[in-house]
Every structure is written in C-alpha cells, then in structure tokens.
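mind looking at a prediction? Sequence and model below.
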Amino acid sequence: MSDLPDVRLRIVEDADVSVFYEHQADPVAAAMAEFPTRDLATFVARWTTIRADASNFARAIVADGTVVGHIVCWIEGDTREVGYWIGRAFWGRGYATRALALLLEEVSDRPLVAHVALDNIGSRRVLEHCGFAVVGEAVSEKDGVREFILRLD
C-alpha cells in the first residue's frame, strides 16, 4: 500500500471555477499566499483567459473524487512558471506535493520557476520537496509582496 495521497489532475471543468473561487475567497488562505482575493466576475474572467490559452497547463486537483485545488503552468515573458492553490480545508494532506509531482511528469519544460511569499513556509516546502531550489528573493512588481523565487532545472 502506498502512503501517497490518491490525487489526480484533470482538465478544468466549468463547475470547478466556482470551487476555485471559494478557495481563493478564504481570507486565511489569501493572507497565507499574500494574494489578493478577486471578485467573482474578475475571477471567472481570469480563468476564462487561462483556459483559452493553449500554452497554459491548467488542471483541477482531485483527491478521492473531490476538487481540492488547482495547478497551473504558464509562460511569463521567457520563463515557464508554476503555481497552485489548495483549499484550506485540504491543507496538510500532501495534495499539493502530489499534484506538483504529477505536473512535473506531464510538463517537461525546464527550467520552471515559482514565486512564494516569504511567510508561506508550507508552499516553499512543497516546491523544495519536488526539487525546486531557492535562487533568490524579490519584491513583486505587481503587488509589492516579498517573495522567494524558486527554480527547477
């Protein structure tokens, strides 16, 4: 018997976006990620754009039949980046680590880059567990958040 959580990635379905919205609307999760919550219309519009771009890898994270979050890999300038969000009710169960490992099996582009708020220790551990290493610190130009930059070669 494996001690890995039963997680799979699947194409994002329309109904998933409302689940993702509720996850990002959680003030505790938003504070941990240091990511501002979006209103529903803005959030849906953003996901419409993400899903329409064929260069993006966007997946729902499903654990035991329940959508527990999402993971996205996109191109930012000349860099391929990765990000994910797990609903707070599902934190600490290994879902993010397993989802990222599954993404890394499907996305062969390297290097991959991730940005993590300095205080988001759990997310940093997920990335490091999957082979990412801290390569620097920065202040986000978009929102002024101090963050670690991690990279997987």
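Yep, that arrived. Numbers count the residues shown, from 1 in each chain.

quick check: buried residues in the lengthiest strand in the chain?
Longest strand of the chain, by residue count under DSSP state E: strand 66-76. Buried positions in strand 66-76, judged by neighbour count with 16 or more other C-beta atoms under 10 Å: 67, 68, 69, 70, 71, 72, 73. Placement of C-beta: from N, CA and C, glycine included.

gap between residue 14 and residue 60?
Using C-beta to C-beta, to the nearest Å, one obtains 11 Å as the distance from residue 14 to residue 60.

so the two - more neighbours on which side?
Ranked by neighbour count (other C-beta atoms under 10 Å), residue 14 and residue 60 place residue 60 first, with 21 against 10.

now the element after the worst-scoring helix or strand of the chain on mean pLDDT, going C-ward?
Ranked by mean pLDDT, DSSP states H and E, the helix or strand of the chain with the weakest confidence is helix 27-33, at a mean of 91. Beyond helix 27-33 on the C-terminal side, the first helix or strand identified by DSSP states H and E is helix 40-52.

what lies in contact with that next one?
By C-beta atoms under 8 Å, 6 or more residues apart in numbering, the surrounding residues in contact with helix 40-52 are 12, 17, 20, 21, 24, 38, 56, 58, 72, 74.

tell me the backbone dihedrals of the fifth one, please.
As for residue 24, its main-chain torsions (degrees, to the nearest 10) stand at phi -70, psi -20.

which non-adjacent residue is nearest it?
The spatially closest residue to residue 24, leaving aside those adjacent along the chain, is residue 37, at 5.6 Å (C-beta to C-beta, 6 or more residues apart in numbering).

before we move on, the earlier item: any chance of the buried residues of strand 66-76 in a markdown table, plus distance to residue 122 and pLDDT?
Supplementary listing: the buried residues of strand 66-76 in a markdown table, determined by distance: C-beta to C-beta, whole Å; pLDDT from 0 to 100:
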| residue | distance to residue 122 | pLDDT |
| --- | --- | --- |
| 67 | 20 | 98 |
| 68 | 14 | 98 |
| 69 | 13 | 98 |
| 70 | 17 | 98 |
| 71 | 15 | 98 |
| 72 | 18 | 98 |
| 73 | 20 | 98 |
